[in-house]
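Visitor: I'll drop the sequence and a predicted model, then ask my questions.
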Amino acid sequence: MADNSSADTTAMTIISTRAATSCGVAALGMWGMLATLTSLASDIPPLQLTAMTLGIGGFIGVLSWLVRPGAWKALGAPRRAWALGIFGLFGYHLAYFTALKLAPAADASLIAYLWPLLIVLMSSFLPGEHLRTVHVIGAGLGFLGAGMLVSGGGGFSPDGAYATGYAAALACAVIWSSYSVLSRLLGAVSSDSIAGFCLVSALLAMIAHLGFETTVWPGDITGWLAILLLGLFPTGLAFYAWDVGMKHGDIQLLGVLSYGTPVISTLLLALFGRATLTPTVLVAMGLVTLGAVIAARKSQGATA
């Protein structure tokens with residue numbers, strides 16, 4: 001009887017981990033929408049856009065509490081959880097937009113996209129986690145493919161004149177990866193707390209916007225719809241789903257699969273006529289896919 005109970009517990013753990021990992025994958029899919037939707041709201045200053053979309057993301061969490069009594073108690077999360085959440089959500093966006101302002105977009109994006117690799121490496125220091133060869137190889141191939149995508153195959157040519165921008169891009173990668181990995185240590189904190197983190201981060205972004213940018217409102221329904229969809233998905237539901245994935249899913253596999261985001265982004269941009277599927281892009285997609293397949297071997301019992 002005891003053996004059956006143990007087996008049932010193990011099965012429940014596996015199902016729970018798979019479900020949480022699926023949530024993380026869903027977040028990556030939603031982030032793939034980011035570039036296309038942002039291009040449709042291109043006239044909006046970045047900090048203003050961050051404030052508006054994070055505000056929507058936080059608001060949908062609050063709305064869900066109307067049908068889930070007691071969920072609002074997540075706002076009573078420990079101060080360290082609040083500090084980490086605001087550090088991740090606001091800090092990431094601030095560093096990212098600073099990098100784009102002070103360095104070429106392709107270079108800044110490439111450096112910023114070190115965060116999936118850093119997640120794989122950092123997660124090895126978590127209790128119960130171990131760095132596996134398949135994850136390192138998968139992450140390396142993913143980074144190579146992502147680099148080809150964001151640079152268009154042109155590579156990375158550092159210029160000392162953009163050193164501050166490069167530093168901001170690196171900070172961006174470190175902030176998001178450390179936020180993601182450290183979330184694992186706060187597994188008991190409900191993902192409902194993300195609503196509070198989003199709203200506070202939106203307020204900080206709006207303050208920064210008022211200090212450094214000129215307010216611009218969408219000129220047509222397309223712009224407003226793009227902002228709404230950004231708030232609902234890439235800067236809304238995606239953060240809740242990612243939190244579940246990081247806290248309870250296969251964190252190293254999710255780190256590798258994160259390189260699929262620029263692939264999804266490129267495909268959507270091509271679908272909307274804002275990008276071209278060149279041979280370089282196809283090769284890059286192949287590298288990312290190969291990296292994901294190799295990393296997924298762990299889920300099939302690999303112990304490399």
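Guide: Nice, thanks for sending it over.
Visitor: pLDDT of stretch 78-94, averaged?
Guide: Mean pLDDT, stretch 78-94: 96.
Visitor: give the buried residues for it.
Guide: Across stretch 78-94, burial judged by 16 or more other CB atoms under 10 Å covers 81-82, 84-94. To be clear about C-beta, it is placed using only N, CA and C from the backbone, and glycine gets the same treatment.
Visitor: same check, this time on stretch 51-67
Guide: Result for stretch 51-67 [16+ other CB under 10 Å]: buried residues 51-62, 65.
Visitor: filter those down to the ones in strands?
Guide: Of those, none are assigned to strands by DSSP state E.
Visitor: still on that earlier bit, what would the buried residues of stretch 78-94 look like in a markdown table with distance to residue 209?
Guide: Shown next, in a markdown table, are these (distance: CB to CB, whole Å):
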| residue | distance to residue 209 |
| --- | --- |
| 81 | 26 |
| 82 | 22 |
| 84 | 23 |
| 85 | 20 |
| 86 | 16 |
| 87 | 19 |
| 88 | 19 |
| 89 | 15 |
| 90 | 12 |
| 91 | 16 |
| 92 | 16 |
| 93 | 11 |
| 94 | 11 |
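Visitor: pick out the most distant pair among the residues you listed.
Guide: The distance between the two most remote of the buried residues of stretch 78-94 (CB to CB) is 19.7 Å, for 81 and 94.
Visitor: from the buried residues of stretch 51-67, which is closest to residue 173?
Guide: Among the buried residues of stretch 51-67, and counting by CB to CB, the member closest to residue 173 is residue 54, at 19.8 Å.
Visitor: how about that closest one, nearest residue that isn't a chain neighbour?
Guide: residue 202 (3.9 Å; CB to CB, 6 or more residues apart in numbering).
Visitor: give me the phi and psi for that neighbour.
Guide: phi -60, psi -40 (degrees, to the nearest 10).
Visitor: now do the contacts for residue 187.
Guide: 247, 248 (CB atoms under 8 Å, 6 or more residues apart in numbering).
Visitor: give me the distance between it and residue 248.
Guide: To residue 248, residue 187 is 6 Å away according to CB to CB, to the nearest Å.
Visitor: which is the next helix or strand following the helix or strand bottoming out on mean pLDDT in the chain?
Guide: When each helix and strand of the chain is scored by mean pLDDT, DSSP states H and E, helix 2-31 comes last, with a mean of 70. Next helix or strand after helix 2-31 toward the C-terminus (DSSP states H and E): helix 34-40.
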